[in-house]
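Undergrad: Predicted model and sequence below, questions to follow.
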Amino acid sequence: KKGDQMYYIDTVTSQVEAFDFDGATGNISNRRKAVSIPTSDGYPDGMTIASDDSIFVAMWGGSAVRRFNPVSGELLNVYKIPGASQVTSCAFGGPALDQLFITTASCGIAPEKLEMDEEKNAGHLFRLDLAGTGIVGLPANVYKL
């Protein structure tokens with residue numbers, strides 16, 4: 001059932017953890033490892049969930065967003081972000097939720113490196129067009145606080 005899973009990224013351990021989520025009570029249970037990412041691929045930072053239940057994880061220091069099956073932990077796709085190593089987060093948008101918006105950071109990068117090809121796009125916003133792939137996001141949940 002959609003909306004019955006919650007995910008937590010632990011950047012320090014390079015893991016994404018999953019929980020069962022009860023939307024009626026707000027309770028979480030059944031903590032388990034969903035994805036373990038080698039540090040050679042960067043560090044998991046922000047993420048979003050697609051309608052097929054796959055998760056898109058921004059990789060700080062990895063110049064990419066990685067798409068995983070959170071049940072099996074299988075890596076499904078790697079979307080390289082040219083000229084930006086510090087990928088911070090991603091979110092679906094657009095009328096059909098088939099556009100993935102990806103944020104990056106330039107903080108901590110020496111000014112001279114920002115002029116070089118490997119970091120020339122640091123701090124920029126990217127849009128990945130997923131139209132026609134069948135991969136779309138989920139509408140945002142609205143919560144009353």
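TA: Thanks, I have the structure now. Numbering: from 1, shown residues only.
Undergrad: got the contact list for residue 104?
TA: Contact analysis of residue 104 by Cβ atoms under 8 Å, 6 or more residues apart in numbering lists 81, 84, 86, 87, 88, 121, 122, 123, 124, 125, 126. In short, each C-beta sits where N, CA and C put it, glycine included.
Undergrad: oh sorry, the question was meant for residue 32
TA: Counted by Cβ under 8 Å, 6+ apart, residue 32 has contacts 17, 18, 19.
Undergrad: residue ranges of the strands in the protein, please?
TA: In the chain, the strands defined using DSSP state E lie at 5-10, 15-21, 28-36, 43-49, 55-60, 64-68, 75-80, 87-93, 99-104, 125-129.
Undergrad: I would like the residues contacting the lowest-mean-pLDDT helix or strand in the chain, please.
TA: The helix or strand of the chain with the poorest confidence is helix 111-114; it has a mean of 90 (mean pLDDT, DSSP states H and E). Contacts to helix 111-114, defined as Cβ under 8 Å, 6+ apart, come from residues 106, 119, 120, 122.
Undergrad: The last one contacts residue 87, doesn't it?
TA: No. Using Cβ atoms under 8 Å, residue 122 and residue 87 do not qualify as a contacting pair, with a distance of 9.7 Å.
Undergrad: Looking at these two now, which is surrounded by more residues?
TA: More neighbours surround residue 87 than the other of residue 122 and residue 87, with 30 against 22 (other Cβ atoms under 10 Å).
Undergrad: which residues does the nearest residue to that one once chain neighbours are set aside contact?
TA: Of all residues not flanking residue 87 in the chain, residue 58 sits nearest, at 4.4 Å (Cβ to Cβ, 6 or more residues apart in numbering). Residue 58 makes contacts with 44, 45, 46, 47, 65, 87, 88, 89, 90, 102, 103, as judged by Cβ under 8 Å, 6+ apart.
Undergrad: Report the separation between the third one and residue 34.
TA: Put plainly, it is residue 46. Going from residue 46 to residue 34 by Cβ to Cβ, to the nearest Å gives 15 Å.
Undergrad: Relative to the whole chain's centre, how far out is stretch 7-22?
TA: Centroid separation for stretch 7-22 versus its chain: 12 Å, with Cα atoms, centre = their mean, to the nearest Å.
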